[in-house]
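**Student:** From the sequence below, what's the structure:
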Amino acid sequence: MLNNIPKILTGDMLKCLSDMGHGDILIIADANFPGERIARSTASGRLIRSQGCGASELFEAIAGLMPLDFDYTPFPACVMDLTPSDREKGMADSGIWSEFNDILRGLRSDARLGMVEREEFYSRAEKAYAVIQTGEERIYGNLLLVKGCVL
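**Tutor:** Below is the predicted model of the structure:
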């Protein structure tokens, strides 16, 4: 047990966050994300599971410990943008993006989420350091984070 560490962060997650370097990417994935397949391509080579929590809850816990790369990356937090076909169907982001934005603005008031096309998001995820898959059931609940420097 440790003081001041959110209880939803497991030892595996803490080790992952600690092992990551400046510029490394972490994916917080929703329940529909192809986590096993994508995670095999990452630097860690394995999927970290956190199915008992949602993506915004996990982002908030991680944001308190891991700096984001606001200095060298225009968008250190990015979501998967809606596909054109989902837009045509009238689908929306399910409200999770506003939760991500609120957490992000709590770190830096002028910050905003980047939007990444679906296939590009998957491509970046395959080059990530790790994937943490949550139990998030809302659509488009995936988040790409770029680690900054601890100062």
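**Student:** Okay, strands next: where are they in this protein?
**Tutor:** Using DSSP state E, the strands assigned to the chain run over residues 25-29, 47-50, 77-80, 114-116, 130-134, 143-146.
**Student:** need those in a markdown table with distance to residue 90 and mean pLDDT, can you?
**Tutor:** For the C-beta atoms, the positions are set from N, CA and C on the backbone; glycine is no exception. Output for those, formatted as a markdown table (distance: least, C-beta to C-beta, whole Å; pLDDT from 0 to 100):
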| stretch | distance to residue 90 | mean pLDDT |
| --- | --- | --- |
| strand 25-29 | 25 | 99 |
| strand 47-50 | 31 | 98 |
| strand 77-80 | 18 | 98 |
| strand 114-116 | 18 | 98 |
| strand 130-134 | 26 | 99 |
| strand 143-146 | 23 | 99 |
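**Student:** I'd like the mean pLDDT over the top helix by length along the chain, please.
**Tutor:** Across the chain, the longest stretch assigned as helix under DSSP state H is helix 96-107. Rounded to a whole number, the mean pLDDT of helix 96-107 is 97.
**Student:** neighbouring contacts of that helix?
**Tutor:** 55-56, 59-60, 63, 68, 70, 77, 79, 111-113, 136, 138, 140-141, 143 (C-beta atoms under 8 Å, 6 or more residues apart in numbering).
**Student:** hang on, the earlier thing: turn the strands of the chain into TSV, columns for mean neighbour count.
**Tutor:** Output for the strands of the chain, formatted as TSV (neighbours: other C-beta atoms under 10 Å):
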stretch	mean neighbour count
strand 25-29	26
strand 47-50	20
strand 77-80	23
strand 114-116	16
strand 130-134	26
strand 143-146	25
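**Student:** can you list those in TSV and add distance to residue 101?
**Tutor:** Output for the strands of the chain, formatted as TSV (distance: least, C-beta to C-beta, whole Å):
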stretch	distance to residue 101
strand 25-29	14
strand 47-50	21
strand 77-80	9
strand 114-116	11
strand 130-134	18
strand 143-146	11
